[in-house]
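K.L.:
Provided below for reference: sequence and predicted model.
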Amino acid sequence: MKIIPYLSRADWLEGRKKGMGGSDVAAALGLSPWRTPVELWQDKRGESEPQQTSDSMHFGTILEDIVAKEFQERTGMKVQRVNYTFADGEDDWMRANIDRAIVNPDISGNVRAVKDPQAGKPFITTDAILECKTASAFSAALWGDSQEDEIKAGKVVTEHRIPLYYETQVQWYMRLTGVPVCYVAVLIGGNDFRMYRIDRNEEAITAIVEKCRVFWFDYVKAGVAPEPMDIDDIRHLYRREVGPMVEASAAAAVAIGEYRNLKGQAETIKKQMDAVATQIAGFIGENEGLLLDGKKAVTFKAQSRTTFDGKKLKADDPELWIKYVAQTAPSRVLRVY
């Protein structure tokens, strides 16, 4: 283990460029719902465009302290912020910044980095860490039943269930901090607090480290992009067209033909769906909707929405209109003829 202290968020952000942290792991493995391997690769290569902090990221940072305090209050376990970046002693591209450490009074009254007098290597004076999360109510089904009662009783017997992209993150953290246990506390939808105990899994850690090693050395350090997962990855890799129209290869010609065929099928299905929708609406008539076995199956209700008439504003007051016109960043559009 290697301990790298940081004094500010700027130090932490700078350190993230020098290796892979826990929040990068799921993206490298292709498991992240937020970033693909290509986007992570561009970020580590310094080739990604600056990203503004989203509302969910902003409030997630603010609520981290609240989640940590709630975990402490409910369990009686004292938690402590640790301003270290943990890195592997030999492969310092492997890095971790944990949310909190759990204070174990049987080990030490506070958590700090000390040097093992025999091995001469640093370690932290705890045997557990805490990861704090916030989640939308729409993702509640991804989280299993809370293990709060079992954790407070000191005897966890049921299996935890958290999203796989977080599972890989906490296993990475346990690998780099050396602790055998990580607790995860999550606030879902602002009013559903759950907690889980995750034990160190050496088999999973070995697999995660090997895959991340390949990503770091074979892609990031080698300057070779990973395989794109979707068309957005292609847009990230090739943001603008710089060459002329070129003759399609044999493989490209096959793909164009397949796309045209699928597009034709989609248009046919759309017409069929529209015809059936017309039938269903006729069955509903002036009623609100239809039930199947007493359960809501379909509705046909009036609704309206408020829209902004930019064309009218431009005609009535072009000087005011020009003040509020914003051009979006260029994005390539695929059209198959």
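P.N.:
Nice, thanks for sending it over.

K.L.:
what strand or helix carries residue 184?
P.N.:
strand 181-188 (DSSP states H and E).

K.L.:
and residue 211, by the same measure?
P.N.:
helix 202-214.

K.L.:
avg pLDDT for that helix?
P.N.:
Mean pLDDT, helix 202-214: 97.

K.L.:
and stretch 250-260, by the same measure?
P.N.:
Averaging pLDDT along stretch 250-260 yields 96.

K.L.:
these two touch, right, residue 158 and residue 150?
P.N.:
Yes. Using C-beta atoms under 8 Å, residue 158 makes contact with residue 150 at a distance of 6.6 Å. Any C-beta I mention is one placed from the backbone N, CA and C, and that applies to glycine too.

K.L.:
more crowded one of these two?
P.N.:
Neighbour totals were compared for residue 158 and residue 150, and residue 150 leads with 16 against 12 (other C-beta atoms under 10 Å).

K.L.:
leaving out chain neighbours, which residue sits closest to the more buried one?
P.N.:
In this structure, residue 150 finds its nearest non-sequential neighbour in residue 156, 4.4 Å apart by C-beta to C-beta, 6 or more residues apart in numbering.

K.L.:
which residues does the one you found contact?
P.N.:
Contact analysis of residue 156 by C-beta atoms under 8 Å, 6 or more residues apart in numbering lists 147, 150, 197.

K.L.:
neighbouring contacts of the strand holding residue 184?
P.N.:
Strand 181-188 is contacted from outside by 63, 66-68, 70-71, 77, 102, 127-137, 139-140, 143, 151, 160, 162, 166, 170, 173-174, 193-200, using C-beta under 8 Å, 6+ apart.

K.L.:
put the buried members of these into a ChimeraX selection.
P.N.:
Here is the ChimeraX command that selects the buried residues among the contacts of strand 181-188 (16 or more other C-beta atoms under 10 Å):
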select :63,67,68,70,71,77,102,128,129,130,131,132,133,134,135,143,151,160,162,166,170,173,174,193,194,195,196,198,200
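
K.L.:
just after the helix or strand bottoming out on mean pLDDT in the chain, pick out the following helix or strand.
P.N.:
One helix or strand of the chain scores below all others by mean pLDDT, DSSP states H and E: helix 9-16, with a mean of 70. Following helix 9-16 in sequence order, the next helix or strand is helix 22-28 (DSSP H and E).

K.L.:
pLDDT averaged over that following helix - what is it?
P.N.:
Here helix 22-28 scores 96 as its mean pLDDT.

K.L.:
how long is stretch 241-251 end to end?
P.N.:
Stretch 241-251 has its terminal residues 21 Å apart, counting by C-alpha to C-alpha, to the nearest Å.

K.L.:
tell me what the helix or strand residue 151 falls within is packed against?
P.N.:
Assessed by DSSP H and E, residue 151 sits inside helix 148-153. Judged by 3 or more C-beta pairs under 8 Å, 6 or more residues apart in numbering; DSSP states H and E, the packing partners of helix 148-153 are helix 55-75, strand 192-199.

K.L.:
and the helices in the chain, which stretches?
P.N.:
In the chain, the segments counted as helices under DSSP state H are 9-16, 22-28, 37-44, 55-75, 148-153, 164-177, 202-214, 231-237, 250-284, 310-316, 318-323.

K.L.:
between those helices, which gets nearest to residue 82?
P.N.:
The closest of the helices of the chain to residue 82 is helix 164-177. By C-beta to C-beta, the value is 9.0 Å.

K.L.:
report the buried residues of the closest one.
P.N.:
165-177.

K.L.:
for the closest residue in space to residue 146 that isn't next to it in sequence, give the beta-bridge partners.
P.N.:
Spatial nearest neighbour of residue 146, chain neighbours left out: residue 194 (3.7 Å); criterion: C-beta to C-beta, 6+ apart. Beta-bridge partners recorded for residue 194 (DSSP bridges): residue 186.

K.L.:
dump the residue contacts of residue 194.
P.N.:
Residues near residue 194 by C-beta under 8 Å, 6+ apart: 143, 145-148, 185-186, 188.

K.L.:
lovely, talk soon.
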